[in-house]
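Peer 1: here is my input; please provide its structure:
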Amino acid sequence: MTTVDDLLARARAGLERVTALEATAAVDGGALLVDIRPDAQRRREGEIPGALLIERNVLEWRLDPASSARIPEATGHDVPVIVVCSEGYASSLAAAALQELGLRHATDLIGGFRAWRDAGLPVGAAG
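Peer 2: Purely as a prediction, here's the structure:
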């Protein structure tokens, strides 16, 4: 029987996860920073300025370049994507799902939004 810890370990084995500081450099180089936290959580915790807000339940449709529901930034399978959740667990599973869609440069932020905030990086009020 597989546990959620098994799923998480398998997901992370295929990711080159990044720290908050590495994420800022990647974004400066053109990576998409995608916040998958629900609206209520973003309102409670705050937001990362400039991050794309795509809730988890529609993530694959918005980032799959072959999807009719994709966002304009989903221009191809080579687009680097860094997924952010609150603590860095759901984002690992989501990034692995994006890799299964062929987004080979998908990864996630170690420690999630909380690590970003704790690193002293910019945080804004949810709008």
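Peer 1: break down the protein into its strands, ranges please.
Peer 2: Counting by DSSP state E, the chain has strands at residues 32-35, 52-53, 81-84, 106-108.
Peer 1: with distance to Ala125 as added columns, please give those strands in a markdown table.
Peer 2: Placement of C-beta: from N, CA and C, glycine included. Output for the strands of the chain, formatted as a markdown table (distance: least, CB to CB, whole Å):
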| stretch | distance to Ala125 |
| --- | --- |
| strand 32-35 | 14 |
| strand 52-53 | 13 |
| strand 81-84 | 17 |
| strand 106-108 | 24 |
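Peer 1: what's the most buried one of those strands?
Peer 2: Per residue and on average, the most neighbours among the strands of the chain fall to strand 106-108, with a mean of 28 (mean count of other CB atoms under 10 Å).
Peer 1: chain center to that strand: distance?
Peer 2: Distance of strand 106-108 from the chain centroid (CA atoms, centre = their mean, to the nearest Å) equals 6 Å.
Peer 1: in its sheet, what does that strand sit against?
Peer 2: When pairing is defined by DSSP bridges, strand 106-108 lines up against strand 81-84 (parallel).
Peer 1: for the partner strand, which outside residues touch it?
Peer 2: The contact list for strand 81-84 (CB atoms under 8 Å, 6 or more residues apart in numbering) reads 18, 23, 26-27, 31-37, 48, 51, 59, 63, 91, 94-95, 98, 103, 105-109, 112-113, 116.
Peer 1: now Leu52, which residues is it bridged with?
Peer 2: When assigned by DSSP bridges, Leu52 has beta-bridge partners Val34.
Peer 1: how near is it to Val81?
Peer 2: 9 Å (CB to CB, to the nearest Å).
Peer 1: identify the contacts common to these two.
Peer 2: Leu32, Val34.
Peer 1: give me the pLDDT for Ala126.
Peer 2: Turning to Ala126, the model gives it a pLDDT of 80.
Peer 1: for Asp118, same thing?
Peer 2: pLDDT, Asp118: 97.
Peer 1: check Val58 too.
Peer 2: For Val58, pLDDT reads 98.
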